[in-house]
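[1] next input, structure requested:
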Amino acid sequence: MTIPLLFPLLVIVGLLLSAGCVPFIRRLAANTGLVDDPGAGAYKTHSEATPYGGGICIAIGVMVPSIAALWWIIAVRPFLVWDGGQLLTPWSGQTLFPLEPLSPTIEQLSQTVALLLAALIVLCVGLADDWRRLSAGLRLFLQCGAALLLIAYVPGFRPELTRIAAVDVMLAVVWLVALTNAFNFLDNMNGLSAGVGAIVIAALSSLALASAHLPAAALGLLVVGATGGFLLFNFPRASIFMGDAGGLFLGFVSGALALLISNRLNELVGAAGFTLPGLLPLLCLSIPCYDLVSVVMLRLYRRLPPWQGDTNHISHRLVQRGLNRVDAVVAIFLATALTCAAVVVALVHPAMVTWAIGGIAGSILCVGLLDIFTGSAMPKSGPGTA
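    Have a look, this model is predicted:
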């Protein structure tokens, strides 16, 4: 099968698997009490108890084809893991299929598998939090642990910014944990976090393909398809939520892919640190970062813990501006799509980089101006209220 046909197939497979298991997971969640109770907090804006489990559906849509593909690769080329009675290192530069164009290396495959395993740890943390509320400290500790394992021990995820390994690892962990929670914070209206995640990861998959990292591109497209299958049941009306499990999973995957592709692009240009190609994948996440920074600042302004839920996210502020909930979500989708499209243009057509950076800044500015000129960015009500 040629590469142009493979990637659309990955999206379709992920979508069908995810959508196919939603009815079963939704029923199971409702029967076991894994539901989002609107009375659990003043920041809850839905009116009826809704089953969680969408994150599980997304994970199934990603994991089943990933395991099948990994099994097939090992079955076809068993010497990838064992040769002459000796276990091979997963960081080997050996090519998987030497006669195939753009064939990935064993190291690239191992990086992608490690990313997926770490993301599954984070998903389990989110699922436990959906089931029985975990303390904020425990959630943060487990997220930092998963991020640290990936960044410190798997080549390709640690940026070379300061050339001091410990500092670079710390900065990367902060980035990855922040993005993990940014998508969870963004999960406050039907389809919002999942849709933004699908757009961002689709762009990151394009960058991975352009930088000849096929395993990362394949994983990203599986996530896009699986997220699309969930969105069929979550937007514009929701019969299932993805919960913390889904939000943390999408945030971790997007943040880790951005780090991996950033380092890959730096490797291709033979440079390290803050290079323009290496910066581009990180810019795909501008909108989630904007929401995270603005909402944390508002919570600190109100002398509330940053992890305490409220209704002062971008989406809520756009509704305060006068948009209905669906239009607010679509507006954020469009801003995210503009940002990501500008990033891809900047990589594929370097001569248009100025216009691309302008598009990225413009998409953030359009959202920010709605906050500034309406005054809705500053809360007018007491803690815990809209």
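[2] quick one: distance of stretch 265-274 to the chain centre.
    Computed by Cα atoms, centre = their mean, to the nearest Å, the chain-centroid distance of stretch 265-274 equals 23 Å.
[3] hmm, I was thinking of stretch 266-280
    Using Cα atoms, centre = their mean, the distance between the centre of stretch 266-280 and that of its chain works out at 21 Å.
[4] ok, residues contacting that stretch?
    Counting by Cβ atoms under 8 Å, 6 or more residues apart in numbering, stretch 266-280 makes contact with 159-161, 207, 211-212, 262-263, 265, 343, 346-347, 353, all of which sit outside it. Every residue, glycine included, has its C-beta placed from N, CA and C.
[5] go on, stretch 54-66?
    The set of residues that contact stretch 54-66 without belonging to it, under Cβ under 8 Å, 6+ apart, is 10, 13-19, 21-22, 25, 116, 120, 123, 126-127, 130, 194, 219, 222-223, 225-227, 229-230, 233-234, 240-250.
[6] circling back to that earlier point, using TSV, lay out the contacts of stretch 266-280 together with distance to residue 178, secondary structure and neighbour count.
    Formatted as TSV, the contacts of stretch 266-280 follow (distance: Cβ to Cβ, whole Å; DSSP: H, G, I helix; E, B strand; the rest coil; neighbours: other Cβ atoms under 10 Å):
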residue	distance to residue 178	secondary structure	neighbour count
159	14	coil	20
160	20	coil	14
161	16	coil	14
207	20	helix	27
211	24	coil	22
212	28	coil	16
262	15	helix	26
263	18	helix	23
265	21	helix	23
343	19	helix	27
346	23	helix	23
347	23	helix	21
353	26	helix	16
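[7] from those residues, which is closest to residue 80?
    When those are compared for distance to residue 80, the smallest value, 18.9 Å, is given by residue 212; criterion: Cβ to Cβ.
[8] run a quick neighbour tally on residue 29.
    Residues within reach of residue 29, counting by other Cβ atoms under 10 Å, total 23.
[9] and the pLDDT for it?
    Among the per-residue scores, residue 29 holds a pLDDT of 93.
[10] kindly report the same for residue 82.
    Value for residue 82, per-residue pLDDT: 69.
[11] what of the one 3 residues further on?
    pLDDT, residue 85: 60.
[12] same deal with the one 5 residues further on?
    With respect to pLDDT, residue 90 scores 83.
[13] chain neighbours aside, what residue packs nearest to it?
    For residue 90, ignoring the flanking residues on the chain, the nearest one in space by Cβ to Cβ, 6 or more residues apart in numbering is residue 110 at 3.6 Å.
[14] so which strand or helix has that neighbour?
    In this assignment (DSSP states H and E), residue 110 forms part of helix 106-131.
[15] same check, this time on residue 158
    Once you assign secondary structure using DSSP H and E, residue 158 falls outside every helix and strand.
[16] residues contacting it?
    Contact analysis of residue 158 by Cβ under 8 Å, 6+ apart lists 151-152, 165, 168-169, 172, 259, 263.
[17] least confident pick among these?
    In terms of pLDDT, the lowest of the contacts of residue 158 is residue 165, showing 90.
[18] just to revisit the earlier point, identify the farthest-apart pair in the contacts of stretch 266-280.
    161 and 212 (23.5 Å).
[19] how about the helices of the stretch 151-300 of the chain, start to end?
    Defined through DSSP state H, counting those that start in this stretch, the helices belonging to the stretch 151-300 of the chain, from first to last, are 165-186, 192-210, 214-231, 243-269, 276-283, 286-301.
[20] next SSE downstream of the longest helix seen in the chain?
    The helix spanning the most residues in the chain, taking DSSP state H as the definition, is helix 3-32. Moving toward the C-terminus from helix 3-32, the first helix or strand encountered (DSSP H and E) is strand 35-36.
[21] residues in contact with that next one?
    For strand 35-36, contacts defined as Cβ under 8 Å, 6+ apart pick out 29, 44, 46, 49-52, 130, 241, 243.
[22] looking at those, which are in strands?
    In this view, the contacts of strand 35-36 that belong to strands under DSSP state E are 50-51.
[23] quick check: which of the contacts of strand 35-36 has the minimum pLDDT.
    Across the set of these, residue 46 stands lowest in pLDDT, at 53.
[24] quick check: which ranges of the stretch 151-300 of the chain have low pLDDT?
    Residue ranges of the stretch 151-300 of the chain with pLDDT under 70: 272-274.
[25] how deep is residue 72 tucked in, by neighbour count?
    Each residue near residue 72 was counted by other Cβ under 10 Å, and the total is 10.
[26] pLDDT value on it, please?
    Reported pLDDT at residue 72 in the predicted model: 90.
[27] residue 120 now?
    Confidence score, pLDDT, at residue 120: 97.
[28] distance check, it against residue 5.
    28 Å (Cβ to Cβ, to the nearest Å).
[29] those two: who's more crowded?
    Taking neighbours as other Cβ under 10 Å, residue 120 and residue 5 compare with residue 120 leading, 16 against 8.
[30] what is the longest helix of the chain packed up against?
    Counting contacts by 3 or more Cβ pairs under 8 Å, 6 or more residues apart in numbering; DSSP states H and E, the secondary-structure elements packed against helix 3-32 are strand 50-51, helix 54-76, helix 214-231.
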